[in-house]
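Q: Kindly generate the corresponding structure for this input.
(one chain, ligands or ions: 1)
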Amino acid sequence: MALICAIIIMLTLNYIISKNIQYKPGKVNNKESFYRRNPAFTTFEKRRHCCLKVGIGQDSHRFDFSPGKDKKLILGGAIFDGCFPLDGNSDSDVVLHSLVNAISGITCVNILGETADKLCLEEGITDSQVYLKEALKYMGDNKIVHVSISIECQYPKISPKIPEMRRNISKLLGIPENCIGITATTGEGLTEFGRGKGIQVFSCVTAI
Ligand SMILES: [Zn+2]
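A: Below is the predicted model:
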């Protein structure tokens, strides 16, 4: 008898909880406010309703081959000495820019464009790490757990700098280096990037 009563109570509770947890569409912070109102709710329930998000970002810059430039080539925060720089108003870190776009793909708040232009042109901030930090401000409850980056260029040689780039991005995002994968290809010279005109980068960010 006691067992039957316990089952009935459990089913009733489960019904009540499942009714309560149906978040109303259009209310952005509905899930968050639900947990704030129900602090006793278990971690299990939080995990059950955890949401996986994936953002993809792309960016490309052409090289600036004009002589006498003291601008450095910077990719993923790593300086490539003795290389032609990329064209652009900022430091033109095309790796971080693609990462910013991937984060915007999750937050739905675009940083490159109006916001970055304002930081760069009005405030004189050319460091792309600042744009990345700006993008991260809108992550809310979402935590980045993995990043995959694919670089296409004919020049410079990327492989020797991959450990340094992973280290920099790890610090910026606050995730372990083994959660950041970076690959590089020349694409067999089938595109302008593979023929040495510039660099193209795709980034994929996973957040929970
Ligand atoms: Zn860019």
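Q: Sticking with residue 147, tell me its helix or strand.
A: When secondary structure is defined using DSSP states H and E, the element that contains residue 147 is strand 144-152.
Q: In the helix or strand following that strand, which residues are buried?
A: Beyond strand 144-152 on the C-terminal side, the first helix or strand identified by DSSP H and E is helix 162-173. Applying a neighbour-count criterion of 16 or more other C-beta atoms under 10 Å, the buried positions in helix 162-173 are 162, 165-166, 168-170, 172-173. Yep, even glycine has a C-beta here, placed from its N, CA and C like the rest.
Q: What lies in contact with helix 162-173?
A: Outside helix 162-173, the residues that touch it by C-beta atoms under 8 Å, 6 or more residues apart in numbering are 75-78, 95-96, 99, 129, 132-133, 136, 144, 147, 149, 176-177, 179-180, 182, 184.
Q: Restricted to buried residues, select these in ChimeraX.
A: This is how ChimeraX selects the buried members of the contacts of helix 162-173, with burial counted by 16+ other C-beta under 10 Å:
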select :75,76,77,78,95,96,99,129,132,136,144,147,149,179,180,182,184
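Q: Need the pLDDT of the residue in the chain that the ion sits nearest to.
A: Taking C-beta to the ion as the measure, the chain has residue 97 as its residue closest to the ion, at 3.5 Å. With respect to pLDDT, residue 97 has a value of 97.
Q: what angle sits between the strand holding residue 147 and helix 162-173?
A: 140 degrees (axes from the mean of the first three to the mean of the last three C-alpha atoms, to 10 degrees).
Q: Could you give the separation of strand 144-152 from the chain centroid?
A: 8 Å (C-alpha atoms, centre = their mean, to the nearest Å).
Q: avg pLDDT for it?
A: Mean pLDDT, taken over the full extent of strand 144-152, equals 98.
Q: Tell me the strands beside it, with direction?
A: Taking DSSP bridges as the criterion, strand 144-152 forms sheet pairs with strand 180-185 (parallel), strand 198-207 (antiparallel).
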